[in-house]
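> what's the 3D shape of this:
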Amino acid sequence: MGQILDCGLTAVGTASSIRIDDDFKETCNQMQVTANVLGNEREMLHAEAILNFAHGNLSMAAKKWEDLISKYPNDMLAVKFGHDTYFYVGIFWHGMCAFGLEKCDDYIEAEKQARKVN
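Residues are numbered from 1 along each chain as shown. Take a look at the predicted model:
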């Protein structure tokens, strides 16, 4: 799970990319091998999602994390990575914006954002 956390935080946090960082690419490949050989179902799903994200397949990564959350609803790492991925994809952006505006007591603009369709 340590490699999953390392690769996931690096990929989703956009600290590096497998397209330009050969060391990160190798780390991700090793994560996949380790998850497939030694990991349980949860770890394999995380590895698949992270690799999809790292390769730019954000929608597929989000789907994998949704599948993970369906099977393991207490997996906060999947919730966090899924949430962040949706933010990058743009899905639910207006809802998150509305939430922030509501927290700043801007209820009129929050409602406008909440009613927008993606």
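> C-terminal to the helix or strand of the chain with the lowest mean pLDDT, what's the next element?
Between all helices and strands in the chain, the lowest mean by mean pLDDT, DSSP states H and E belongs to helix 93-103, at a mean of 89. Once the chain leaves helix 93-103, the next helix or strand it forms, by DSSP states H and E, is helix 107-115.
> show me what contacts the spatially most central residue of the chain?
Centroid check for the chain by Cα atoms, centre = their mean gives F81 as the closest residue, at 2.9 Å. Each residue near F81 by Cβ atoms under 8 Å, 6 or more residues apart in numbering is listed here: 8, 12, 46, 49-50, 53, 61, 65. All C-beta spots, glycine's among them, are computed from the backbone N, C-alpha and C.
> against A11, how distant is it?
9 Å (Cβ to Cβ, to the nearest Å).
> brilliant, that's me finished.
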